[in-house]
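Asks: what follows is a predicted protein model with its sequence.
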Amino acid sequence: MPVSNEELKQRLVEERARLTEQVSRLGENEYRGAGYGNHIADDATETYEQAKGISLRRNEASLLWQVEHALQKFDQGTYGICEACGVPIDRARLKALPYALYCLECKSLLEGGG
């Protein structure tokens, strides 16, 4: 069954809320001060966990940007249009990835697959 633009927009709004909370939560735990433990292994573990947290936060922040950009495209009337070639993005792709910016062909080319 085809998914409507309103359903896609609602999914984006929900995803924005989830990602905003996640980025905020990850940011709270980002800097706890490694290097003050009693054992070098403890310090190494803490440093590793901080690096992992920073990476997760950056990934979530990138996804949040994509979701917000897709919502802006709704407001501009350009949602579902490939940003590279200007053709409509396949509805199945938007259903799977509502914040997709590119059609499959362009995304493949951008990733070096063609």
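Replies: In hand now; what should we look at?
Asks: list the contacts of the residue nearest to V13 when sequence neighbours are not counted.
Replies: Nearest non-adjacent residue to V13, counting by C-beta to C-beta, 6 or more residues apart in numbering: L71, 7.2 Å away. For the C-beta atoms, the positions are set from N, CA and C on the backbone; glycine is no exception. With contacts defined as C-beta atoms under 8 Å, 6 or more residues apart in numbering, the neighbours of L71 are K9, L12, V13, R16.
Asks: run the chain-centre distance for the helix or strand that L71 is a member of.
Replies: Following DSSP states H and E, one finds L71 within helix 40-76. How far helix 40-76 lies from its chain's middle: 8 Å, per C-alpha atoms, centre = their mean, to the nearest Å.
Asks: state the mean pLDDT of it.
Replies: The average pLDDT for helix 40-76 rounds to 87.
Asks: which residue is nearest the middle of the chain?
Replies: L63 (1.2 Å; C-alpha atoms, centre = their mean).
Asks: touching, that residue and Y99? I think so.
Replies: Yes. Using C-beta atoms under 8 Å, L63 is in contact with Y99, at 7.4 Å.
Asks: quick one: common contacting residues for those two?
Replies: Common contacts of L63 and Y99, defined by C-beta under 8 Å, 6+ apart, comprise E15.
Asks: contacts only, for the nearest residue to A61 once chain neighbours are set aside.
Replies: Nearest residue to A61, sequence neighbours excluded (C-beta to C-beta, 6+ apart): V23, at 5.3 Å. Contact partners of V23, counting by C-beta under 8 Å, 6+ apart, are R57, E60, A61, L64.
Asks: need those in CSV (columns: distance to T78 and neighbour count).
Replies: Shown next, in CSV, are these (distance: C-beta to C-beta, whole Å; neighbours: other C-beta atoms under 10 Å):
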residue, distance to T78, neighbour count
R57, 29, 18
E60, 25, 20
A61, 23, 16
L64, 20, 18
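Asks: got CSV for these, with distance to C106 too?
Replies: CSV is the format used below for those (distance: C-beta to C-beta, whole Å):
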residue, distance to C106
R57, 28
E60, 24
A61, 24
L64, 22
